[in-house]
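S.K.: Provide a 3D model corresponding to the input given below.
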Amino acid sequence: MPDVQASADARRVAIDRVGVKDVTYPIRLQVPKSHGGGTQTTVATIAMYVSLPHYQKGTHMSRFLEVLNEHTGGSGAGSELTPISPKDIPTLTAAIRERLDAEEARFTAEFTYFINKPAPVTQSAGLMDYRVSFECVSVREGGRTGTTDDFIMGVTAPAASLCPCSKEISQYGAHNQRCLIGARVRCDTTGGKGPLWIECLAEIIEKAASCPVFAVLKRPDEKWVTEHAYENPKFVEDIIRDLAVALNAEPRITWYAISSENFESIHNHNAYAEIVRDKRA
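M.R.: Residues are numbered from 1 along each chain as shown. All right, here's what the predicted structure looks like:
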């Protein structure tokens, strides 16, 4: 049958990214032994793109899904999915680039990840949900970036912040609010450093807030959370700076882009701060 996508295009306009997005796909992720081990099944929203040269009319969309199914073991009826971990994503992305004969391929997956997080005092069990992303770019050797692959892991965690100004000027109490703190990181795990797990990055993020939040709280836990936040007031600037200090001290992290958005409880707007740093520069 005629291969229309592979035909020539006379407009001579290259396309940076073309492919498929909003692919809903089940994946299983490895859980570190420190958090019980085993695997966790979740559902990801996946996007896969390649660059398209100016002389080619189109890309072959079906090949993206073929590669995804082949590399996760989901290509046959009743077949079991292979756990995907951060170290697998560059291989998958490179396979997309090779199958579609492209200079560059990009793979992203966003999903909800659950961590068993006991309450601070009663240790009541509860599952906390976090938004996680995997991003990878694979470039043909000698391409414009001069690298073969680039992987970024992102975690967004809810937390609580208490206003230092409110605490200082009030006779009693202080206004507090929930916040969303996000970190996208590049890592170097060579030299025996070991992987940076989702759980590890989530813990680093939560420590930067006035207080973490929990899924289940009994009265002793609520007392602890209230008092802990009150004794640890932070502006959005404090949160983002404390997170930067923590990531600077983590030897596996070479680059990070972090943000904090505080959902103000007494204002009709949110407070926001962001830092991007390359530790290798």
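S.K.: contacts, neighbours, all on C-alpha from now
M.R.: Noted.
S.K.: need the contact list for the spatially closest residue to Y113 that is not a sequence neighbour.
M.R.: Leaving out its chain neighbours, the residue that sits closest to Y113 by C-alpha to C-alpha, 6 or more residues apart in numbering is Y130, at 5.2 Å. For Y130, the contacting residues are T112, Y113, F114, I115, V155, T156, A157, P158, by C-alpha atoms under 8 Å, 6 or more residues apart in numbering.
S.K.: select only the buried ones of those residues in PyMOL?
M.R.: Listed next is the PyMOL selection for buried residues among those, using 16 or more other C-alpha atoms under 10 Å:
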select buried, resi 112+113+114+115+155+156+157+158
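S.K.: may I see the contacts of Y130 organised as CSV, with pLDDT and secondary structure added?
M.R.: Listed next are those as CSV, based on pLDDT from 0 to 100; DSSP: H, G, I helix; E, B strand; the rest coil:
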residue, pLDDT, secondary structure
T112, 97, strand
Y113, 96, strand
F114, 96, strand
I115, 96, strand
V155, 98, strand
T156, 98, strand
A157, 98, strand
P158, 97, strand
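S.K.: go through the contacts of Y130 and name the one nearest V139.
M.R.: Nearest to V139 among the contacts of Y130, counting by C-alpha to C-alpha, is V155 at 24.6 Å.
S.K.: for that closest one, give the beta-bridge partners.
M.R.: For V155, the beta-bridge partners under DSSP bridges are V132, A183.
S.K.: contact partners for it?
M.R.: By C-alpha under 8 Å, 6+ apart, the contact list for V155 reads Y130, R131, V132, S133, G182, A183, R184, I198, L201, A202.
S.K.: show me where the stretch 101-250 of the chain has its helices.
M.R.: Here the stretch 101-250 of the chain has its helices, by DSSP state H, counting those that start in this stretch, at 164-169, 198-207, 219-230, 236-248.
S.K.: dump those to JSON lines, plus mean pLDDT.
M.R.: Formatted as JSON lines, the helices of the stretch 101-250 of the chain follow (pLDDT from 0 to 100):
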{"stretch": "helix 164-169", "mean pLDDT": "92"}
{"stretch": "helix 198-207", "mean pLDDT": "97"}
{"stretch": "helix 219-230", "mean pLDDT": "96"}
{"stretch": "helix 236-248", "mean pLDDT": "97"}
